[in-house]
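> Need coordinates for the below:
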Amino acid sequence: MREPVTEPCKQVDGGITRVFALLGKRWTGLIVAVLMERPVHFADLRRAIPGISERMLSDRLTELGAAGLVVREVDEGPPLRVSYRLTEAGAALDPALKELAAWAEKHLPEAERGTERCLG
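Now for the predicted structure:
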């Protein structure tokens with residue numbers, strides 16, 4: 001058994017703190033992953049993420065918009081439809097999300113993968 005280190009732990013990096021404060025919230029990463037493919041209407045986005053409520057989806061999209069990662073666009077009707085797309089900053093998350101997905105495939109046991117969903 002290894003002896004505990006007596007020196008103090010390094011403080012968490014400010015950038016990592018900000019990333020997980022936003023993307024670590026339930027549903028947020030899934031929303032970004034769905035939008036990575038293409039702009040999506042609100043109703044389609046909700047269907048792509050089973051279990052998310054309209055209110056939660058709306059709240060998370062508002063947070064992502066405030067962070068500059070998502071843009072809300074109103075499609076003039078009829079019918080009037082709202083769609084969402086990633087900004088350049090949001091789309092820049094693609095390599096990081098792909099790395100996380102590859103890591104999960106390698107390191108997370110099969111039993112913990114029960115949340116996979118179709119994103120297409």
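
> now the helices for this protein?
For the chain, the helices defined by DSSP state H occupy 14-23, 28-37, 42-48, 54-66, 88-91, 94-107.

> could you dump those helices to TSV with mean neighbour count, mean pLDDT and distance to P4?
All C-beta atoms are positioned from the backbone trio N, CA, C, and that covers glycine. Listed next are the helices of the chain as TSV, based on neighbours: other Cβ atoms under 10 Å; pLDDT from 0 to 100; distance: least, Cβ to Cβ, whole Å:
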stretch	mean neighbour count	mean pLDDT	distance to P4
helix 14-23	12	92	23
helix 28-37	20	96	33
helix 42-48	16	95	45
helix 54-66	16	97	38
helix 88-91	13	98	40
helix 94-107	11	93	25
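
> Can you lay out the ones you listed as TSV showing distance to G77?
Shown next, in TSV, are the helices of the chain (distance: least, Cβ to Cβ, whole Å):
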stretch	distance to G77
helix 14-23	32
helix 28-37	22
helix 42-48	14
helix 54-66	19
helix 88-91	26
helix 94-107	31
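
> quick one: the most centrally placed residue in the chain and V70, what's the gap?
Nearest to the mean C-alpha position of the chain, counting by Cα atoms, centre = their mean, stands G29 at 1.6 Å. Going from G29 to V70 by Cβ to Cβ, to the nearest Å gives 13 Å.
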